[in-house]
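>>> Could you work out the structure for the sequence below:
(one chain, ligands or ions: 2)
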Amino acid sequence: MSLTDTAPTASAADRIRELGVDLPVSRVVRETADAVSISFAVPDAHVEEFSYRPGQFVTVRVPAGPGDGDRYARSYSLSSAPGLDRELTITVKRTPGGRASGWLVDNAREGMTLRVLAPAGLFTPADLDHDLLLWAAGSGITPVFSIARAALARGAGAVTLVACHRDAEQEIFGDRLAELVRRHPDRFTVITRLSSETGRLTSDAVQDLAAGRPWDEAFVCGPAGFMDTVRAGLRELREKAGAAAGTDAAPVHVEEFTSIEGDPFVLEELATGTAAFEATVALDGATHEVEWPAQATLVDVLLGRGIRVPYSCREGDCGSCMSKLRRGRVEMACTDALEPEDIEDGYILACQARPTEGPLDVEF
Ligand SMILES: Cc1cc2nc3c(=O)[nH]c(=O)nc-3n(C[C@H](O)[C@H](O)[C@H](O)COP(=O)(O)OP(=O)(O)OC[C@H]3O[C@@H](n4cnc5c(N)ncnc54)[C@H](O)[C@@H]3O)c2cc1C
Ligand code: FES
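Ligands and ions are numbered 1, 2, ... in the order given. As a prediction, the model looks like this:
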């Protein structure tokens, strides 16, 4: 274990830094009585920072009241598609009793400015040429709409979307999906299910809908019960099909819509003279040699040095900061975004990882 002392830093007040960029709202479109799409114009200086992959999300600071305690950080998937839309667009549906979503639905206006963290997230196809099987319920349509548009415009595979809504009034993007089917009749299939008519989705229905359809990757987004049902249905279908169907290795990605409780917009840099471990961090094709204090998370260390690291919630939930520990040891307060196999394979959440043994070697 090797420990060195970090260089002295500034006073307590100077150590608080605000993260994110103020983006002007360029358009607000009402999608349904309870959902709006909010578009942002990204200034030229931030275009690279705000580049994204289909299915990723941004985190918005929602000023839902007069006091500091009424500011909430909330993640929203991008419904726009990279390469197809100039603006960055999120689609927000009101959560009954929610603190921030209703404020956005009622108050977002063209000309206002909202503070936004750069896009992040792992809910994105490995290859746009893959055959994709997309499942969405309610506002879960947002990331899969972006994925479907990007794949149809830039990929070559078949895209099947099962879109579930409570009733026709709640249907988001219905017209735009119908237009996409008209433009790509051989590649795009949309199956719309209204639970007011068909009841809730069951594992048997999932199997009927998916049977015989080609897919290299599946994407599922909606309430927890819906995602469990789709996963169970696809698992049963695979078990019945056996190895012959060739789908046993195809990944099923899920995106869980939860609310952030902390404030990922604030970064407090560490006080002076803290003992630190030596670490080598490989990120975006560059290698950074950093001093990693024992009390600090790796995301905070990198942000403090102005290094563009993938992150969003900074509370172990979203998985954006997942990286591989190749040498050294860390401890993590929360590992919610990791599967047990990920931990066995040496993956860590850089927003949770604090070093316990060095030197360390981490690869994003
Ligand atoms: C990666 C990601 C992408 C997302 N994408 C989208 C998207 O595209 N569109 C979208 O609409 N949403 C999306 N979300 C969800 C979004 O971030 C918010 O969680 C959602 O808008 C609800 O926020 P809220 O502040 O309105 O609700 P919250 O105030 O967080 O409340 C959520 C629920 O908890 C209940 N609740 C609130 N306070 C309490 C309390 N003190 N005790 C008990 N219960 C309470 C509320 O009644 C409500 O049912 C996404 C989330 C993630 C993580
Ligand atoms: S930033 Fe969300 S899990 Fe680390």
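>>> Could you use CA atoms for every contact and neighbour count after this?
Will do.
>>> so which strand or helix has Ala249?
If you go by DSSP states H and E, Ala249 is not part of any helix or strand.
>>> count of neighbours near Trp292?
Look at Trp292: counted by other CA atoms under 10 Å, it has 28 neighbours.
>>> Please report the distance of it from Val362.
Using CA to CA, to the nearest Å, Trp292 is found at 12 Å from Val362.
>>> Kindly report the same for Val144.
31 Å.
>>> So for the two, which residue has more residues nearby?
The neighbour count for Val144 versus Val362, taken as other CA under 10 Å, is higher for Val144 (28 against 22).
>>> Glu341: neighbour count?
When neighbours are counted by other CA under 10 Å, Glu341 registers 9.
>>> At the contact with ligand 2, which residues of the protein appear?
Residues of the chain lying close to ligand 2 (CA under 6 Å from any ligand atom) are 311-321, 349-351.
>>> same thing but 8 Å
299, 310-322, 335-337, 349-352 (CA under 8 Å from any ligand atom).
>>> close to ligand 1, is stretch 208-225?
No - between stretch 208-225 and ligand 1, judged by CA under 8 Å from any ligand atom, nothing touches; the nearest distance is 9.1 Å.
>>> switch to numbering from 15
Let's use 15 as the start, then, which means that last one is stretch 222-239.
>>> That stretch: end-to-end distance?
From its first residue to its last, stretch 222-239 covers 18 Å (CA to CA).
>>> From the residues of the chain next to ligand 2, list just the buried residues.
By neighbour count, with 16 or more other CA atoms under 10 Å, those hold 313, 324-336, 349, 351, 363-366 as buried.
>>> And for Glu269, the neighbour number?
22.
>>> Compute the distance between it and ligand 2, please.
13 Å (CA to the nearest ligand atom, to the nearest Å).
>>> That residue reaches Ala232, doesn't it?
No - contact criterion CA atoms under 8 Å: Glu269 and Ala232 do not qualify, at 11.3 Å.
>>> Quick check: Gly83 is in a helix.
Yes - according to DSSP: H, G, I helix; E, B strand; the rest coil, the state of Gly83 is that of a helix.
>>> Next, His267: secondary structure please.
Following three-state DSSP, we place His267 in the strand state.
>>> Report the beta-bridge partners for it.
His267 forms beta bridges with Phe233, as assigned by DSSP bridges.
>>> I'd say it and Phe137 touch.
Yes - with contacts defined as CA under 8 Å, His267 counts as touching Phe137 at a distance of 6.5 Å.
>>> Those two - which one has more neighbours?
Using other CA under 10 Å as the criterion, His267 and Phe137 rank with Phe137 on top: 24 against 17.
>>> quick check, the more buried one in a helix?
No - under three-state DSSP, Phe137 sits outside any helix and is assigned coil.
>>> give me every residue that touches it.
Counting by CA atoms under 8 Å, 6 or more residues apart in numbering, Phe137 touches Gly69, Gln70, Phe233, His267, Val268, Glu269.
>>> Nice, that's everything, thank you.
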